[in-house]
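Undergrad: After the sequence you'll find the predicted model.
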Amino acid sequence: MSTGTRWALPLSMGIFALCLLSFFGHEAHRLGTLLTHGSDDLGYYQFLPGLFIDHDLRGMPWVHILDDGSRLSLFTIGVSLLQLPFFLVAHAACLLGLATPDAFSWPYAVARGMAGAFYAAMGCWFLLHALKPRFGNIASLAAVLLLFGCTNLYYYASMEPGMSHVYSFFLFAALFATTLRMLEAPSPKRLFLLMVIATMIVLVRPANVIALLVPMLYGATGPRDVKGRLRWPAHFPKAFAAGAVVSGALVLPQLAYWKMITGSWFVFTYGKKGEDFFWSHPHLWDVLWHPWNGWFLYSPVMLLVIGALGIMAVRGTSGGRIVLLVWLLAWYLIASWWSWWLGGAFGHRGFVEYLVFLAVPTAWGAQGILRSSRAMRYTALVVALFFIYFSIGLSWNYLPPWDGPEWTMASVWRVYGRLLP
């Protein structure tokens, strides 16, 4: 067993334990009512009680009412699919008498906390394995720990595990790791996995379709490489057919739901509510620096990571330009959304899953620091520990919402003041 493999298991187990303990520390006082809170996390979850308890998806609570009175969920089913195994265990326990089997009692809340911890841990496991062959054991481990501890990934894995982001983080990491293995040694199994993972990414959060550029472009040196990847289905037709069948089976319930509620197979649900993108007026600066969840204000370590990414791109370092392209597209898409701050959020949650790809410049920078002087290494360690303290401290101080007219830079400085001496 290699050193990197030995690190992967304790890393993932430690992250799972930390997330679950943090979940209980944050939510233990309201486990019995946690899942009834009317917000986006209920929108993602409600398909499970609708299917298994009410046996009717027409009457779900967190919906938009259409002109004809129909109740349309704005959310897709991907998060529910990933939560399903944990839900079923909780439901079975409740049917055996542990608590009321209504999908909202405390065992179901615990199941959600376990789901968030599990997918965070598995995402970090995949990410460590993806980075290790290129950047080595220590730099890869440092990158994963930094991105987990110094950003709002920790918060969304442990304190709001009902939101989509930790599930997307897991899927992005699985996509990235599988892509690298496919490039190293193409196989029918890996093509099948790529197709299923890609389908789930879109089912969890359709806007994350941007991530699918990675299997097509990461590590490509020209059009010839891209054409070679487009030929994978022809090289492995049985795996492609199996992937298409499974992907279709995953997507069909979503299409059937839309058809049942609206009469159309494909629906831009937010458009039904009058919400849209404003492509010609993106809030690019605000997404990064505004007191309403500005990314750099609440995850300042990302200033260094984006700086490293820029250097990689300018130098033509492998992976730098495609990661920069994907991040720029995500930045533009988020900034163009009518609610560019994504409301009621800790930090800018739209970037959480893209931390997977930003692990490349993070590991690259860590590798450079490890090769530098002892003074530089110790300085970097002190800075990293401060960022971890700062980010986790902000997570525990967060009382939503940190937005609205009264939330200004003075408000941000007051929160900073609680953590800084």
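TA: Received, thanks.
Undergrad: Over to Leu309: give its phi and psi.
TA: The phi/psi pair for Leu309 (degrees, to the nearest 10) reads phi -60, psi -40.
Undergrad: Please apply the same query to Ala330.
TA: Residue torsions, per degrees, to the nearest 10, at Ala330 are phi -60, psi -40.
Undergrad: Give me the neighbour count for it.
TA: 20 (other Cβ atoms under 10 Å). No exception for glycine: its C-beta is placed from N, CA and C like everyone else's.
Undergrad: so which helix or strand takes in the nearest residue to Tyr398 once chain neighbours are set aside?
TA: Among residues not flanking Tyr398 along the chain, Phe346 sits closest, at 4.6 Å (Cβ to Cβ, 6 or more residues apart in numbering). Using DSSP states H and E, Phe346 maps to neither a helix nor a strand.
Undergrad: now Gly116
TA: helix 106-135.
Undergrad: For Leu72, name its beta-bridge partners.
TA: Each beta-bridge partner of Leu72 is listed here, defined by DSSP bridges: His64.
Undergrad: Surely it touches Leu66?
TA: Yes: with contact defined as Cβ atoms under 8 Å, Leu72 reaches Leu66; the gap is 5.6 Å.
Undergrad: Could you tell me which residues touch both of the two?
TA: Contact criterion Cβ atoms under 8 Å, 6 or more residues apart in numbering; residues shared by Leu72 and Leu66: 261-262, 272.
Undergrad: Out of these, who's the most crowded?
TA: Comparing the shared contacts of Leu72 and Leu66 by number of neighbours (other Cβ under 10 Å), Ile261 comes first, having 21 neighbours.
Undergrad: right, and that residue touches Gly69 too?
TA: No: using Cβ under 8 Å, Ile261 is not in contact with Gly69, being 10.9 Å away.
Undergrad: Can you name the residues in contact with the helix or strand bottoming out on mean pLDDT in the chain?
TA: The weakest-scoring helix or strand in the chain, judged by mean pLDDT, DSSP states H and E, is helix 3-27 (a mean of 89). Helix 3-27 is contacted by residues 34, 109, 113-114, 116-118, 120-122, 124-125, 128-129, 132, 137, 140-141, 144-145, 148, 154, 157-159, 161, 396 when judged by Cβ under 8 Å, 6+ apart.
Undergrad: Kindly report the same for stretch 125-134.
TA: Stretch 125-134 has contacts (Cβ under 8 Å, 6+ apart) with 4-5, 7-9, 11-12, 139-141, 143-144, 170, 173-174, 176-177, 180, 356, 359-360, 363.
Undergrad: In CSV, list the C-alpha atoms belonging to it.
TA: Extracted in CSV, the C-alpha atoms of stretch 125-134 (Å, rounded to 0.1, in the frame of the first residue of the first chain):
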residue,chain,number,x,y,z
TRP,A,125,-10.9,10.7,-0.9
PHE,A,126,-11.4,10.9,-4.6
LEU,A,127,-9.7,14.3,-4.8
LEU,A,128,-6.6,13.1,-2.9
HIS,A,129,-6.3,10.1,-5.2
ALA,A,130,-6.6,12.4,-8.2
LEU,A,131,-3.9,14.8,-7.1
LYS,A,132,-1.4,12.3,-5.7
PRO,A,133,0.2,11.0,-8.9
ARG,A,134,1.1,14.5,-10.1
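Undergrad: and that stretch, which residues are buried?
TA: Within stretch 125-134, the residues that count as buried by 16 or more other Cβ atoms under 10 Å are 125-132.
Undergrad: Looking at those, which is nearest Glu184?
TA: Nearest to Glu184 out of the buried residues of stretch 125-134 is Ala130 (Cβ to Cβ; 11.0 Å).
Undergrad: which non-adjacent residue is nearest the closest one?
TA: Leaving aside its sequence neighbours, Ala130 sits nearest to Ala177 (Cβ to Cβ, 6+ apart; 4.1 Å).
Undergrad: do the same with Thr408
TA: In space, Thr408 is closest to Pro291, 5.6 Å off (Cβ to Cβ, 6+ apart).
Undergrad: Please look at Val166 and Val352 and confirm they touch.
TA: Yes: with contact defined as Cβ under 8 Å, Val166 counts as touching Val352 (7.3 Å).
Undergrad: can you tell me the distance between the two ends of stretch 131-143?
TA: Taking Cα to Cα, to the nearest Å as the measure, stretch 131-143 stretches 9 Å from start to finish.
Undergrad: to the chain's geometric centre, what's the distance from it?
TA: Distance of stretch 131-143 from the chain centroid (Cα atoms, centre = their mean, to the nearest Å) equals 21 Å.
Undergrad: Show the average pLDDT along that stretch.
TA: Stretch 131-143 shows a mean pLDDT of 96.
Undergrad: Same check on stretch 337-352?
TA: 95.
Undergrad: residue ranges for the helices of the stretch 151-300 of the chain, please.
TA: 153-158, 165-184, 188-204, 213-217, 223-230, 232-235, 237-262, 269-272, 284-289, 295-298 (DSSP state H, counting those that start in this stretch).
Undergrad: of all these, which gets the most neighbours per residue?
TA: Mean neighbour count (mean count of other Cβ atoms under 10 Å) peaks for helix 153-158 among those, with a mean of 28.
Undergrad: Touching that helix from outside, list them.
TA: Residues from elsewhere that reach helix 153-158, judged by Cβ under 8 Å, 6+ apart: 15, 18-20, 22-23, 26, 113, 116-117, 119-120, 147-148, 163, 165-166, 169, 346-347, 349, 352, 355, 391-392, 395, 398.
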